[in-house]
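In: pasting the sequence and the predicted coordinates here, then a few questions.
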Amino acid sequence: MDNISIYFRTYTFSGSLFRLMCVLLLACLAVGARAQDKLDITVTNFGGQLFPVIIPVFENEGSLPNSVSEIVRADLERSGLFKLIDLGPMTLPESRVPDLAALAARGADAVLAATVAASSGGRFEIRFRLFDATRTDKVHELGGMMMQMSPAHYRMTAHQIADFIYEKLTGIPGYFSTRIAYVVKSGERYELHIADSDGMNAQAALRSHESIISSAWSPNGQQLAYVSFENRKPVVYVHTLATGQRKVLANFKGSNSAPAWSPNGRQLAVVLTKDSLSQIYLINADGSGARRLMTSNGIDTEPAWSPDGQSIYFTSDRSGDPQIYRLNVASGSAERLTFEGSYNVTPRPSPDGKKLVFVTRNDGGFRIAVLDLSTRQTAVLTDSSRDESPSFAPNSNMILYATVVGGKGMLSAVSADGRVRQRLSIQAADVREPAWGPLQK
């Protein structure tokens with residue numbers, strides 16, 4: 001075992017590739033199996049001034065086997081940015097403009113009007129329009145849409161409507177129709193789960209009697225790369241979610257760890273020890289063409305690509321303490337980015353390329369911090385003591401991470417400005433190792 005474990009000697013709660021050599025994994029695939037544990041999400045802190053919005057019961061929604069409007073309301077409320085004004089059973093049909101003045105008098109700034117209609121082949125059509133209720137001079141429609149929906153996909157349809165509303169009212173793309181990956185530990189069993197962003201529709205993609213670590217989404221959201229020890233050594237696999245099939249990506253001498261997809265999905269950065277200490281290599285998505293990116297006298301690890309594919313952020317102890325660096329992929333040159341504190345690890349850039357989230361040791365605890373890449377200003381976002389594995393939402397506005405509360409592993413989320421916080425937990429299990437998937441195409 002190389003001395004990479006010194007970084008997290010006191011940082012023992014999963015999620016770190018630094019303890020890859022500490023466990024032996026015996027894995028078995030359970031493709032598409034329904035996960036029994038539901039991830040519950042609670043908003044523990046809201047943003048500043050909440051945006052008041054009316055999302056009524058959709059006209060003719062009773063013809064659906066499940067409510068779509070309830071999920072839309074739950075998505076918006078869970079974001080911590082919206083205040084939902086209740087109209088009770090009142091509907092606002094999409095076919096006509098609602099009484100915006102009356103609804104504004106009830107406190108609404110925006111109003112949704114929506115209708116459900118039966119379509120062919122057992123499908124349904126949902127039509128909706130979003131209105132600005134603050135305009136008193138004339139009707140101002142913010143946008144609308146018509147969507148075809150099968151009953152089985154009512155949740156995804158609701159998430160897409162919530163994404164539409166979120167973007168129209170905030171100017172930022174929504175994230176409700178995305179998926180997350182995380183590991184559930186229940187007794188001696190570990191499961192890699194894939195779920196909707198609200199914790200529903202959870203599926204177990206991988207089951208094991210030992211830890212599952214370092215999952216990474218492909219850019220198209222169709223595959224996960226992860227590390228398995230089933231061959232009594234760390235090996236990187238790529239798992240196709242739709243079929244459950246997987247293939248070996250990296251199985252070289254020594255440790256194979258920390259997969260990170262390039263933005264175009266054609267290559268992955270991985271950490272290998274086949275030639276020396278942990279170093280970063282590029283490898284094609286089919287497992288061919290492994291190429292070392294640089295040579296250093298320290299441990300280089302935890303790679304993460306910049307959105308433009310020109311740089312790789314990584315952790316290294318080449319300066320003595322673990323710090324974060326940025327590698328120019330074309331030239332092979334690296335620059336140090338973090339200078340505050342003696343311990344900064346796990347860099348993950350935001351999808352818009354403006355920020356970098358990482359784990360820092362602060363006041364004796366391990367916390368989530370964000371670095372503004374243009375100003376080089378750092379802000380610590382969390383105040384707990386065992387935070388790790390940060391992962392940006394694809395809209396760059398929320399950060400998912402793992403933590404420990406009362407001795408139990410759970411996930412939390414915090415907005416990039418620190419104002420909104422959520423807690424994600426499963427009643428009878430520890431939750432860890434989160435990875436937020438890309439926007440659905």
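Out: Happy to help now that I have it. All of these numbers come straight from a predicted model, not from anything done at the bench.
In: does residue 356 touch residue 370 like I think?
Out: Yes - using C-beta atoms under 8 Å, residue 356 is in contact with residue 370, at 7.0 Å. Where C-beta positions appear, they are placed from N, C-alpha and C, glycine not excepted.
In: what is the neighbour count of the nearest residue to residue 206 once chain neighbours are set aside?
Out: Closest residue to residue 206 apart from its sequence neighbours, by C-beta to C-beta, 6 or more residues apart in numbering: residue 192 at 4.0 Å. Residues lying near residue 192 (other C-beta atoms under 10 Å) number 26.
In: partner strands of the helix or strand harbouring residue 192 and their direction?
Out: Counting by DSSP states H and E, the element that carries residue 192 is strand 189-196. With DSSP bridges as the test, strand 189-196 is paired with strand 179-186 (antiparallel), strand 203-208 (antiparallel).
In: number of nearby residues for residue 346?
Out: 29.
In: that one against residue 390, yeah?
Out: Yes - between residue 346 and residue 390 there is a contact under C-beta under 8 Å: 6.4 Å.
In: which residues are in contact with each of these two?
Out: 358-359 (C-beta atoms under 8 Å, 6 or more residues apart in numbering).
In: could you look up the SS state of residue 74?
Out: helix (DSSP: H, G, I helix; E, B strand; the rest coil).
In: now for the residue nearest to it when sequence neighbours are not counted: which residues touch it?
Out: Nearest residue to residue 74 in three dimensions, chain neighbours excluded: residue 198, at 7.0 Å (C-beta to C-beta, 6+ apart). With contact set as C-beta under 8 Å, 6+ apart, residue 198 has these partners: 41, 71, 74-75, 78, 159, 176.
In: swap in residue 150?
Out: Contacts of residue 150 by C-beta under 8 Å, 6+ apart are 122-124.
In: related to what we said a few turns ago, hang on, isn't the residue nearest to residue 206 packed against residue 183?
Out: Yes - between residue 192 and residue 183 there is a contact under C-beta under 8 Å: 5.6 Å.
In: list residues touching both of those two?
Out: 212, 215, 433.
In: other residues contacting the helix ranked longest in the chain?
Out: Longest helix of the chain, by residue count under DSSP state H: helix 154-170. Applying C-beta under 8 Å, 6+ apart, the external contacts of helix 154-170 come out as 51, 53, 55, 64-66, 68-72, 75-76, 79, 81-82, 110, 112, 114, 126, 128, 130, 142-143, 145, 147, 149, 172-177, 196-198, 200-201.
In: got a quick ChimeraX command for the buried subset of the residues you listed?
Out: ChimeraX command restricting the contacts of helix 154-170 to the buried ones, with burial defined by 16 or more other C-beta atoms under 10 Å:
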select :51,53,55,64,68,69,71,72,75,76,79,81,82,110,112,114,126,128,130,142,149,173,174,175,176,177,196,197,198
